[in-house]
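Novice: Following is a predicted model, sequence given first.
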Amino acid sequence: AVAALDNELSWFEQSAAIVEVSEEHLLRSARALAATEVYCGYLAELESAEKSPAVLFTVLFAIESVYFHAWRSTQPAAVPHLAPILERWSSDAFGAYCDRLKRVASQLLMHANSSETQRARSAFRAVLELELKFWDMASSGGGASFE
């Protein structure tokens, strides 16, 4: 799963170049949006405070699964300029990657103590709430323009 994540991050950087979006533009645009700023703050706080692999893999699974399902339900005609991104994040291969993350998180949670399990549940719920706010913002036109 970690190797797949590294591959995913590399692909993301390459795709930003394909749709001619610089990292600087992404960061500047993202910071201007409240939902994204709150989400980034939550993830930064979690990264610095949380050391449990069970919690961290649960969070990663939640994030990636939301992206998979969101892009899977997107109509290609609505975002033709994002075709490479849509193809990647809605693909069966990306779905399989999400399934692997789920299996890893589940295995780790089977051996986690009750505190870790509770933190994983809370983090999972927090990610879903933050993702909902992010996608609401993005679908209402508050997101960065990639055109």
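Specialist: Nice, thanks for sending it over. This structure is a prediction, so every number in the text was calculated from the model and none was measured.
Novice: Tell me where the model's unsure across this structure.
Specialist: In the predicted model of the chain, residues 1-9, 11-32, 140-147 satisfy pLDDT under 70.
Novice: contact partners of stretch 101-114?
Specialist: By CB atoms under 8 Å, 6 or more residues apart in numbering, the residues outside stretch 101-114 that reach it are 1, 52-54, 57-58, 60-61, 64-65, 116-117, 120. For the C-beta atoms, the positions are set from N, CA and C on the backbone; glycine is no exception.
Novice: What ranges does the protein have for its helices?
Specialist: Using DSSP state H, the helices assigned to the chain run over residues 2-18, 23-31, 34-49, 53-72, 83-89, 92-110, 114-139.
Novice: most tightly surrounded among those?
Specialist: For the helices of the chain, ranked by mean neighbour count under the definition mean count of other CB atoms under 10 Å, the leader is helix 53-72 at a mean of 20.
Novice: And that one, what does it pack against?
Specialist: helix 34-49, helix 83-89, helix 92-110, helix 114-139 (3 or more CB pairs under 8 Å, 6 or more residues apart in numbering; DSSP states H and E).
Novice: Now do the last one against helix 34-49, angle only.
Specialist: With axes from the mean of the first three to the mean of the last three CA atoms, to 10 degrees as the basis, helix 114-139 and helix 34-49 are set at 160 degrees to each other.
Novice: Need the helices and strands packed on helix 53-72 in a markdown table (columns: distance to Ser10).
Specialist: What follows is these, written out as a markdown table (distance: least, CB to CB, whole Å):
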| stretch | distance to Ser10 |
| --- | --- |
| helix 34-49 | 19 |
| helix 83-89 | 12 |
| helix 92-110 | 14 |
| helix 114-139 | 23 |
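Novice: what about the ones you listed, which gets the closest to Thr74?
Specialist: Comparing those by their distance to Thr74 (CB to CB), the top pick is helix 83-89, with 5.9 Å.
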